[in-house]
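S.K.: for reference, the sequence and a predicted model appear below.
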Amino acid sequence: MASVLFRQEGCEQESDSELFRAKQVDEANSLTRQANLHFAEHEYGQAELLYWRALRIRMETVGPNHMDVAASLHDLAELYEVQDQCAEAGRFYRLSLDIKEKILGPHHPTVLRSLRNLADFYRDWGMYARQPDLKEAGNPGEGE
């Protein structure tokens, strides 16, 4: 009887944990949507706060090597880029790319596209020495 109760409690605790995790993921997604609205309205300070909150929740909920974390880092990179904070933007684009590469592998189309975008970013900002070598990576396919 005791083992049945223990197993039931364990399932309950697991369900509570999964429910909490799902709520955290929803909260991070909601914060990102709100941040996107502020970004679109050029309210960059408010957008930045919300993007950072979403990133913190995602790091705590899913861990540092997850596509949702990569997406949050990319959001911050775009925010910093439009504010001409190119050093910060480049750093966050690179962190986002590194996570994608760990998860998907170096030759995945998403990784190749991000690598090409990073190279374009560096070129556009005159940071030629920082451009990643794209010869080994190849080109992402058309329309991806």
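M.R.: Right, received. Where do you want to start?
S.K.: need the contact list for residue 59.
M.R.: residue 69 (CB atoms under 8 Å, 6 or more residues apart in numbering). Quick note: C-beta positions are derived from backbone N, CA and C, even for glycine.
S.K.: which parts of the host helix or strand of it are buried?
M.R.: Using DSSP states H and E, residue 59 maps to helix 44-62. Buried residues in helix 44-62, defined by neighbour count with 16 or more other CB atoms under 10 Å: 44, 47-48, 50-55, 57-58, 61-62.
S.K.: which is the next helix or strand following that helix?
M.R.: Sequence-wise, the next helix or strand downstream of helix 44-62 (DSSP H and E) is helix 67-82.
S.K.: after that next one, next one along is what?
M.R.: Sequence-wise, the next helix or strand downstream of helix 67-82 (DSSP H and E) is helix 86-104.
S.K.: show me the contact partners of that next one.
M.R.: With contacts defined as CB under 8 Å, 6+ apart, helix 86-104 is touched by 64-67, 69-71, 73-74, 76-81, 108, 110-111, 114-115, 117-118, 121-122, 125, 127, 130.
S.K.: recalculate using a threshold of 7 Å.
M.R.: With contacts defined as CB atoms under 7 Å, 6 or more residues apart in numbering, helix 86-104 is touched by 65, 67, 69-70, 73-74, 76-77, 80-81, 110-111, 114-115, 118, 121-122, 125, 127, 130.
S.K.: buried sites along it?
M.R.: In helix 86-104, counting by 16+ other CB under 10 Å, buried: 86, 89-90, 92-97, 99-101, 104.
S.K.: what of stretch 107-121?
M.R.: 110-119, 121.
S.K.: in this protein, which helix or strand is least confident?
M.R.: helix 2-40 (a mean of 80; mean pLDDT, DSSP states H and E).
S.K.: distance of residue 38 from residue 107?
M.R.: Relative to residue 107, residue 38 is positioned 36 Å away (CB to CB, to the nearest Å).
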